[in-house]
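Peer 1: Got a sequence here, can you build the structure:
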Amino acid sequence: MSLDQNWFTEQASATDCAFSLHIKKKLHEEETPFQKIAIYETTEFGNLMTLDELIMLTDRDNFIYHEMMSHPVLFMHPNPLKIVIIGGGDCGTLHEVLKHTTIEKVIEVEIDERVTRLSEQYFPSLCESNNDPRAEFCFQDGIDWMATAEENSIDVIIVDSTDPLGPGEGLFTVEFYRDCWRVLTPEGLLVQQSESPLLHLSLLQSIHYGMRQAGFKTTRSLQFPQCVYPSGWWTATIAGNGDLTQFREEAARNKSFKTRYYNPEIQKASFALPNLLLEGLPD
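Peer 2: Numbers count the residues shown, from 1 in each chain. The predicted model follows:
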């Protein structure tokens with residue numbers, strides 16, 4: 001990272017690329033037991049949050065990520081009632097999930113409570129559902145939470161994690177996926193953000209094989225644009241035990257809430273993958 005002449009630049013040395021945002025001022029900075037959190041006001045992207053000097057979200061484009069981490073998998077499940085979100089301390093995914101009125105409970109498991117408290121202060125629109133009676137917050141390590149969770153108790157697990165570094169590294173292992181498989185109901189689904197197919201293809205492939213090794217019979221990746229993340233091209237990978245080509249299209253088309261990016265056509269199109277992604281993935 002460099003902050004020079006009012007520009008925040010995230011430098012990805014492993015892939016020899018960088019991304020910059022023009023900064024008006026720094027709003028907050030602190031070091032927690034888990035990571036360094038900083039919040040900036042930008043000229044064009046609203047507020048920016050960084051963790052360990054890596055861009056996590058901005059006001060301007062976070063809706064794409066949060067909607068695509070939530071609605072595709074929820075409409076793929078026949079009747080999602082109990083949801084767990086691992087990570088996602090900014091609460092944007094929680095907010096999207098709770099738009100589904102039929103959901104009975106959402107457990108938000110975030111290792112660093114300060115991410116949530118600062119989001120409530122600097123990203124209030126993402127936290128509008130934090131007081132929803134269906135939301136339960138659990139500030140602990142998501143790996144530990146999943147290891148001790150009740151078998152066959154969760155319908156959908158959403159892993160809204162950071163990159164596989166630091167506290168998020170253990171969320172990309174066969175052992176963690178195996179715990180998710182155990183905790184999910186027979187029709188349960190797991191979705192995990194799976195990085196850029198352009199810059200992190202080997203990691204994306206390893207996620208598919210790791211999920212299969214853990215017990216899931218089927219896996220599929222979906223793609224979406226995310227300009228503030230490396231390469232601007234991002235994915236999420238879904239694992240389950242049944243047909244992952246179907247979704248409740250009528251329910252998605254007649255949903256009672258508004259979305260800015262997601263719609264049934266996006267759901268279909270996002271799973272149409274280029275050869276770059278199809279090669280090297282399990283059948």
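
Peer 1: quick one: residue 86 is in a strand?
Peer 2: Yes: looking at residue 86 with DSSP: H, G, I helix; E, B strand; the rest coil, it is inside a strand.

Peer 1: ok, now which ones touch the spatially closest residue to it that is not a sequence neighbour?
Peer 2: Distances taken as Cβ to Cβ, 6 or more residues apart in numbering put residue 142 closest to residue 86, at 3.7 Å, once the chain neighbours are dropped. Quick note: C-beta positions are derived from backbone N, CA and C, even for glycine. For residue 142, the contact set (Cβ atoms under 8 Å, 6 or more residues apart in numbering) comprises 86, 87, 109, 110, 111, 159, 161, 171.

Peer 1: Among those, which ones are in strands?
Peer 2: 86, 87, 109, 159 (DSSP state E).

Peer 1: check which helix or strand covers residue 27.
Peer 2: Applying DSSP states H and E as the criterion places residue 27 in strand 17-31.

Peer 1: Grab the nearest non-local neighbour of residue 208.
Peer 2: residue 219 is the one closest to residue 208 (Cβ to Cβ, 6+ apart), at 4.8 Å.

Peer 1: same question but for residue 253, I mixed them up
Peer 2: Closest to residue 253 by Cβ to Cβ, 6+ apart is residue 264, at 5.1 Å.

Peer 1: burial count for the one you found?
Peer 2: Number of residues near residue 264 (other Cβ atoms under 10 Å) recorded here: 19.

Peer 1: what's the distance between it and residue 72?
Peer 2: 10 Å (Cβ to Cβ, to the nearest Å).

Peer 1: what's the overlap in contacts for those two?
Peer 2: Joint contacts of residue 264 and residue 72 (Cβ under 8 Å, 6+ apart) are residue 247.

Peer 1: that older thread, ok, now which ones touch the residue nearest to residue 253?
Peer 2: 247, 249, 252, 253.
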